[in-house]
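1. okay, predicted coordinates and the sequence, questions at the end:
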Amino acid sequence: MENYRILIVEDEVLIAEELREILTELGYDVCEVCYDSESALAALQKHHPDMAILDIHIRGTMNGLELAAIINENYGIPFIFLTSFSDRATLEKAKVTRPRGYLVKPYKDKDLLTTIEMAIYNHSADLKEKQSDKAHVDSVASQPLSAKEYAILMDIMDGLNNSQIAKKHFISVNTVKTHVKRLFTKLDVNDRVSAVRKIIST
């Protein structure tokens, strides 16, 4: 996809460069290749890529799973794990971060392409659906909800409590309470039941 910018986070230089070459040949724009978590964080801030391909075990102060949590919290872009590890424990930890794909090395070029294309399509479809739903919520609210407020409202509608929401979004319970208070104000309600009822019935 032309101009679709992908960040590669892979600490094995030969694999990283091979991946860069494959993606470039496929028409993607590799904005940067990072070999450790610190340079990956800097690249995210600098380039604001459209997608990231992450190795799970990388050099630096954090691993790919922790980096994925930051991406979820601050950037909202799809990411794919590309790793040598396929054990159940690693897979379970990876699932929590909600990756758009999980490829085990060595991978085939066609599998990489398929995974990327599916990740792009599904992420785009999810955004369109959320934007449509958010438009309805904003029409009910006195002010538009922020992306995080809207996400937490959806969690409330799914029946999650503050602790569960905090764990899902990798934020503190106090931060959740702050978001909930703000969205209650915007919806002019005082509790969760009223908030859900207002969204559904309006």
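-> Yes, it's here.

2. so for the longest helix that the chain contains, mean pLDDT?
-> Counting residues, the longest helix found in the chain (DSSP state H) is helix 109-140. Averaged over helix 109-140, pLDDT sits at 84.

3. for it, name the packing helices and strands.
-> On a contact count with 3 or more C-beta pairs under 8 Å, 6 or more residues apart in numbering; DSSP states H and E, helix 109-140 meets helix 13-25, strand 51-54, strand 79-83, strand 101-104, helix 147-157, helix 192-201. C-beta coordinates here come from the backbone N, C-alpha and C atoms, glycine included.

4. give me the number of residues near residue 47?
-> Using other C-beta atoms under 10 Å, residue 47 has 14 neighbouring residues.

5. for the residue lying closest to it once chain neighbours are set aside, give me its contacts.
-> For residue 47, ignoring the flanking residues on the chain, the nearest one in space by C-beta to C-beta, 6 or more residues apart in numbering is residue 31 at 4.2 Å. Applying C-beta atoms under 8 Å, 6 or more residues apart in numbering, one finds that residue 31 lies in contact with 5-7, 43, 47, 49.

6. residue 12 now?
-> Listed by C-beta under 8 Å, 6+ apart, the contact set of residue 12 reads residue 55.

7. and the pLDDT at it?
-> For residue 12, pLDDT reads 91.

8. I appreciate the help and will end here.
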